[in-house]
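Engineer: have a look at this prediction, sequence included:
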Amino acid sequence: MHKRFISLLILILLGQTGCSNVEPWVKPYERANLADIAMQADRDPVSSGYINHVREAREGARGAAGGAGGGCGCN
Amino acid sequence: MRQQMSSILRYLVVTVWLLISSAAIAADGPAPDFALPDKSGSTVSLDDFEGQVVLLNFWASWCGPCREEMPLLVELHDRYEALGFTMLGINVEEDSAAADNFLRTVPVSFPILYDRTNSVSKLYDVIAMPSTVLIGRDGRVRYIHHGYEPGYENDYQDQIRELVRE
């Protein structure tokens, strides 16, 4: 019983140290590839701004595009 | 049982100590020395600038704020160079071709060092890009700036002024 308890305690402790050093796995100075233009979801901010405007103004669709507002058309 | 408890306790203490000691570089601690190649391939080390105020700027060509900041740093360097002040631009890219391209568009008057293996970035615990470290004449880290936003150059200027007077 004791043995089981202690092994559980050790397991928990080990688990905690696994989580203790949470830090960016990719360091800020290693982000060359992540900063590449090919990694951006939004390739052309002007064009996607226009498309978002069309969706809002013409189709009454709002939200889920990173902007504020809920689709009531009141803001 | 007691022995096991004490071993668990010891384990805990070691864990906590590791957590605390992971914070590497601090303001007012000695600036760790390093040596890196510059553009011509010759090695430049921090020790070469002993007695001077040194500004280390960790930058990369893919980092927008770094590109924004670079011309302002050049201006600061040229203004305070005569007072025993120097800047070292530490490029953190593995492949420095893009950096050299950028430097053709923004000519820089201070040494650019290439940290291709990121050893110095690790040493200085760069947690944001760009990172700017100001080292006083006594070789101690005095100010650390993470990131860049418009207006930071005024802080740099005030701190450089303060440090060159010492």
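Structural biologist: Yes, it's here. What you see is a predicted model; the values in this text were computed from it and never measured.
Engineer: the nearest residue to B:Glu94 once chain neighbours are set aside: neighbour count?
Structural biologist: Spatial nearest neighbour of B:Glu94, excluding adjacent residues (Cβ to Cβ, 6 or more residues apart in numbering or on different chains): B:Arg116 at 5.5 Å. All C-beta atoms are positioned from the backbone trio N, CA, C, and that covers glycine. Using other Cβ atoms under 10 Å in any protein chain shown, the number of residues around B:Arg116 comes to 14.
Engineer: next one: the one 3 residues further on
Structural biologist: A count of nearby residues for B:Ser119, using other Cβ under 10 Å, gives 12.
Engineer: list the contacts of it.
Structural biologist: Residues in contact with B:Ser119 (Cβ atoms under 8 Å, 6 or more residues apart in numbering or on different chains) are B:Phe34.
Engineer: try A:Arg4
Structural biologist: By Cβ under 8 Å, 6+ apart, the contact set of A:Arg4 is empty.
Engineer: ok, B:Phe34 next?
Structural biologist: Here B:Phe34 is in contact with B:Ser45, B:Leu46, B:Ser119, B:Val120, B:Leu123 (Cβ under 8 Å, 6+ apart).
Engineer: also B:Ala35?
Structural biologist: For B:Ala35, the contacting residues are B:Thr43, B:Val44, B:Ser45, B:Leu46, by Cβ under 8 Å, 6+ apart.
Engineer: selection in PyMOL covering whichever of these are buried, please.
Structural biologist: This is the PyMOL syntax for the buried subset of the contacts of B:Ala35, where burial follows 16 or more other Cβ atoms under 10 Å in any protein chain shown:
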select buried, chain B and resi 44+46
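Engineer: okay, and which of the contacts of B:Ala35 map to strands?
Structural biologist: Residues of those located in strands (DSSP state E): B:Thr43, B:Val44, B:Ser45.
Engineer: against B:Ile90, how distant is the closest residue to the last one other than its chain neighbours?
Structural biologist: Setting aside the residues directly before and after it, B:Ser45 is nearest to B:Ala35 in space (Cβ to Cβ, 6+ apart), at 3.8 Å. Applying Cβ to Cβ, to the nearest Å, one obtains 12 Å for the distance of B:Ala35 from B:Ile90.
Engineer: over to B:Ser42?
Structural biologist: Distance of B:Ser42 to B:Ile90, computed by Cβ to Cβ: 16 Å.
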